[in-house]
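Undergrad: this one's sequence-less:
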């Protein structure tokens, strides 16, 4: 059995990084122990970090010798024996020994199952990261945070406030953040990661201004602390531990369209045709559960009027350059349909086949619970839910989803039979079902095999949804498992001390991690996928899932509040190594019950902001809610409906503005691809908060903090400063901040021309009042989203094509014969730059770059 | 953060079940009001005997990288380095002995794409 141990992990990393180091432990008098890490490679001995463990009162203090940036501020002298002891780290020239991290006195607190670590919060420190959590700012302070995967539609269900609330538990849990600016002017930042599958809670300076409390509810508390010179180094070290993904397919970086409502083959083909008719680049079409036969996962409804010829549909779209995903949720609907053999249900029931008795052999999670003796018998069972700030109970004995479900809860409860749940999409949409036991390796292999049919039909990638798993509130707590349901607990591979089963609440995020892993591994094994790169766009999971999937941030809405957090979400996830991530562009749900499409100004600004972010997918819901969200539909609407005169310009601008931005993206695809390649090697985000790309600008933690959460660089050198607010509420100009110390050129590249002459360089550290008003006129399109290029930048650009070519399909001649697309390299004056040779990922004649084949069994 | 409970919630035994999601404001409010009993060790010490695994125990903590310390209330804390600039603090509130801690990691720490665990099951 493969064993995932600390020793092995360290050995692998030491070998990969070619470093030698050791750990020393000593007693310092009666008051302290010192545990220190010492680099020994290069023939020199260098102490990296000293942990001074104070015996009484208990306290841990981490010391490093850090370099100055030349802008250090005078700060109160801190007294600590570590700073003035024979055992202190020898200080190098220009460096100073500082306390980089410290617990509070008696900093560990615990209950029966919960652990709380109290950590010092330095006066000047700022905190960023925190995964996909919402909130008004990239930097967070004086707030609580909850990490607990939850189908939290519209981000408003626990606290009732919506996306501006930091504390809502969301679909994805990434309890990781970086403390910056604790020592202004010194090269030291510290990352924190809490490695725990149960609920993780954070008190970020709310209970006391000088304290951070970090808590886990169940199992072992594991706090991992990463000391870096700057934010980029913290990210590199962190991603070296949690893993970096394989290089994703290039088309992932194209433009995508999804819809819960493309419910016929005809409609899917219609929208593909429309995108091509409007000369609007598109690489991905995401077909929701609409394609399934009565919500049966892994099926296609081939009945007349639905998707009668999926193979032809996928082939037609592929010949148009469009690759398709479909929505796969971890439910196997349990209603048998006369005359229809549902393979996943039948094979899931047959399971291992070891005894020949499906009740023993099936692959489904069983209804076995660690009962609360105060809740007996079954008719007293209730499940807890949160809805718009109200905590309430549902009764599984009597309540059923809108689609009806005639099952005997009392007979199922704690019966050992497959757990009876069901997916609920609202109204009468959904189905009761069973859940594959994905915390079991054998079942994961079975799960992976279920994709074969879809890929044989021509599917190209997977959209993983409802991942917690998410089910109707009538079936479990917080629309997921009953908290006391016992699940297989394989979260510590090989560990003989780990329990074989635990309550769901204790290992809450493990299932979704296993789900993404099972799909990832399964796709690699499918016939016909040999030598191909696969891709999953997933929903909530836990840290580590980025190895397997990109992440979309769940069900948002077409509101300025949701848009307002959507850039910061991507930047925060990028800090955690989840580089390919993003929100549904335009918003999934309507803003209000009576809204039939997103505000056109919002859609333009959202495309502007996301034009160069890694994941650009326009996705929305029909189903009696929205009518459309495809950009050209705004033009169709404008031509057929009376538009108020004061809105004529913005309606007319939707198509040209969004098409311009997407075409610009396609002309810069090589740049995006280079940053994706760099991410797989170094772990750095593709879209970078300025604190990553401009670590020497101290204002980013202070006066320009707002800009830090809304502006980003693509790789190091292309700055995007999107307009994030409704223009009609503000003036026509928007404030842009150009970080210090480099100079910046106004963006001069164009998607369909050689570009315009370079305007004078602007000094870094400047604020610019930029006219970014929306207009449909061609000469204003380049300025709707302010962009700047760093002096010395090297920017590759290509001709715009309507999709990413796929020369690996000799069966599709129109793709195989696509002419090559030469790259133009734009070199900007101002400073030396050595990035290009390392980053440019050239294709082989086959169309694919060299790919390292994973070797099973290694 | 205005939250509220439906009237039937407080009356039901479910509201007193500790195996539930607890919003952070409730969790920390309980700690601050001391309505829940907690332990907060005062001191820590090092014992060579704690570093010795029990016979037959697979994969104990590897002392090349850290140490197991003992709190004054008998619980144990593991402090170790994972990298020269990365340290980890591990505490299991249910542990009864130093040898309860092993060298194993969760699935989350998985550095090398070549490891089978990375991409298979």
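TA: Received the coordinates, thanks. Keep in mind the model is a prediction, meaning the values are calculated, not measured.

Undergrad: now do stretch A:739-754: distance to the chain's middle.
TA: 28 Å (C-alpha atoms, centre = their mean, to the nearest Å).

Undergrad: ditto for stretch A:678-691
TA: The answer for stretch A:678-691 is 14 Å, by C-alpha atoms, centre = their mean.

Undergrad: next: stretch B:27-37.
TA: With C-alpha atoms, centre = their mean, you get 19 Å for stretch B:27-37.

Undergrad: that one close to chain A?
TA: Yes: for stretch B:27-37 and chain A, the contact criterion (C-beta under 8 Å from any C-beta of the partner chain) is met by B:27-28, B:31-32, B:36-37. Yep, even glycine has a C-beta here, placed from its N, CA and C like the rest.

Undergrad: what helix or strand does residue A:105 sit in?
TA: Secondary structure from DSSP states H and E places residue A:105 in strand A:95-110.

Undergrad: who are the packing partners of that strand?
TA: When contacts are defined as 3 or more C-beta pairs under 8 Å, 6 or more residues apart in numbering or on different chains; DSSP states H and E, strand A:95-110 sits against strand A:59-67, strand A:115-120, strand A:221-228.

Undergrad: and the last one with strand A:59-67, angle?
TA: It refers to strand A:221-228. 20 degrees (axes from the mean of the first three to the mean of the last three C-alpha atoms, to 10 degrees).

Undergrad: and the next element down the chain from strand A:221-228?
TA: Next element after strand A:221-228 (DSSP H and E): helix A:231-242.

Undergrad: pull the residues that contact that next one.
TA: A:9, A:13, A:16-17, A:176, A:178, A:180, A:189-191, A:193, A:224, A:226-228, A:543-544, A:546-547, A:575-577, A:682-685, A:689, A:691-692, A:695, B:82-83, B:85-86, B:108-111 (C-beta atoms under 8 Å, 6 or more residues apart in numbering or on different chains).

Undergrad: how about residue A:390, nearest residue that isn't a chain neighbour?
TA: residue B:4 (5.4 Å; C-beta to C-beta, 6 or more residues apart in numbering or on different chains).

Undergrad: could you check how many residues crowd around the one you found?
TA: Look at residue B:4: counted by other C-beta atoms under 10 Å in any protein chain shown, it has 12 neighbours.

Undergrad: what sits against it?
TA: A:389-391.

Undergrad: so residue A:264 touches residue A:304, yeah?
TA: No: using C-beta atoms under 8 Å, residue A:264 makes no contact with residue A:304, being 10.2 Å away.

Undergrad: and those two? which has more neighbours close in?
TA: Per other C-beta under 10 Å, whichever of residue A:264 and residue A:304 has more neighbours is residue A:264, with 16 against 6.

Undergrad: okay, the nearest residue to residue A:504 once chain neighbours are set aside and chain B: tell me how far apart.
TA: Counting by C-beta to C-beta, 6+ apart, the nearest residue to residue A:504 once its immediate chain neighbours are dropped is residue A:481, at 3.8 Å. Counting by C-beta to the nearest C-beta, to the nearest Å, the separation of residue A:481 from chain B is 11 Å.

Undergrad: ok, residue A:481 - how many residues close by?
TA: Counted with other C-beta under 10 Å, residue A:481 comes out at 27.

Undergrad: do the same with residue A:363
TA: 25.

Undergrad: coming back round to it: restricted to buried residues, select the contacts of residue B:4 in ChimeraX.
TA: In ChimeraX, a selection of the buried entries from those looks like this (16 or more other C-beta atoms under 10 Å in any protein chain shown):
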select /A:389,391
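
Undergrad: ok, of the contacts of residue B:4, which one's closest to residue A:583?
TA: The closest of the contacts of residue B:4 to residue A:583 turns out to be residue A:389 (C-beta to C-beta; 22.4 Å).

Undergrad: ok, now which ones touch that closest one?
TA: A:156-161, B:2-4.

Undergrad: name the surrounding residues that touch the longest strand along chain B.
TA: Assignment by DSSP state E gives strand B:76-83 as the longest strand of chain B. With contacts defined as C-beta under 8 Å, 6+ apart, strand B:76-83 is touched by A:6, A:9-10, A:13, A:23, A:35, A:37, A:49, A:51, A:53, A:60, A:108, A:224, A:226, A:237, A:240-241, B:44, B:50, B:61, B:65-71, B:87-92, B:95, B:97-98, B:100-101, B:109.
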